[in-house]
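[1] I would like to see how this sequence folds:
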Amino acid sequence: MMNIKKGLLLLLTPLAIYAGSSDAIIECKSGTGRTSLKFLDQDIQGHFQGGTFIIDKKSIKYHPQNNYETNKDFPYSWMNVNMKEGVYSLVYNDNKGTVLKFYALPKSMKKKKKEGFEAYYNFNAIIDRTSTDPRSSSFLNKQIWLGCSLRYSI
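    Here you go, the predicted structure:
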């Protein structure tokens, strides 16, 4: 009977850990402070959960990705995440033609000291010039460099 209880505990432990996880919060600002980007990544696994891009107090709100298998409508996004290698990128597109192309500069990825079940990273990133400008419906006329932080806890 004791072996069955131990087996059940080992089987259910990963489910309990996953159930307690949360979204990673990514917050970025430009050097001038005129531009900011904030978004959520579900369980730091590359599942975009929405965010906001602001330039000069004009903003674009991004919505969570739909399940492409059951709903082929927009918005859709792709994320590549490998924190150990410094890879963090996001491409977002919606049915209004709103585009966001964001990527971290891998050599800038720095892991901060871990406290409890929390992880912190600082990195530099770029919003590509082919992203939609919040001040107009056109694309940005140049790329934007940002300083970013990522925090995640279980």
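[2] from the centroid of the protein, which residue is nearest?
    Nearest to the mean C-alpha position of the chain, by Cα atoms, centre = their mean, lies Asp41 at 4.0 Å.
[3] list the contacts of it.
    Contacts for Asp41 were tallied using Cβ atoms under 8 Å, 6 or more residues apart in numbering; they are 23-24, 26, 47-49, 79, 81. In this view, the C-beta of every residue, glycine as well, is placed from N, C-alpha and C.
[4] flag the least confident of those.
    In terms of pLDDT, His47 ranks lowest among these, with 83.
[5] not counting its neighbours along the chain, what's nearest it?
    Spatial nearest neighbour of His47, chain neighbours left out: Asp41 (6.5 Å); criterion: Cβ to Cβ, 6 or more residues apart in numbering.
[6] can you classify the one you found by secondary structure?
    Under DSSP: H, G, I helix; E, B strand; the rest coil, Asp41 falls in the strand class.
[7] for Lys107, same thing?
    helix.
[8] and Gly31, by the same measure?
    Per three-state DSSP, Gly31 ends up coil.
[9] that one contacts Asn124, correct?
    No. Gly31 lies out of contact with Asn124 (Cβ atoms under 8 Å); the separation is 10.2 Å.
[10] so what's the closest residue to Gly46 other than its chain neighbours bridging to?
    In space, Gly46 comes closest to Met79 once its chain neighbours are excluded; the distance is 3.6 Å by Cβ to Cβ, 6+ apart. As for beta bridges, Met79 partners with Leu90 under DSSP bridges.
[11] quick one: Met79 and Pro64, what's the gap?
    12 Å (Cβ to Cβ, to the nearest Å).
[12] the two - which one has more neighbours?
    Neighbour comparison, Met79 and Pro64: the larger count goes to Met79, with 19 against 15 (by other Cβ atoms under 10 Å).
[13] show me what contacts that one?
    Contacts for Met79 (Cβ under 8 Å, 6+ apart) come out as 41, 46-48, 88-91.
[14] same question for Asn141.
    Applying Cβ under 8 Å, 6+ apart, the residues near Asn141 are 129, 133.
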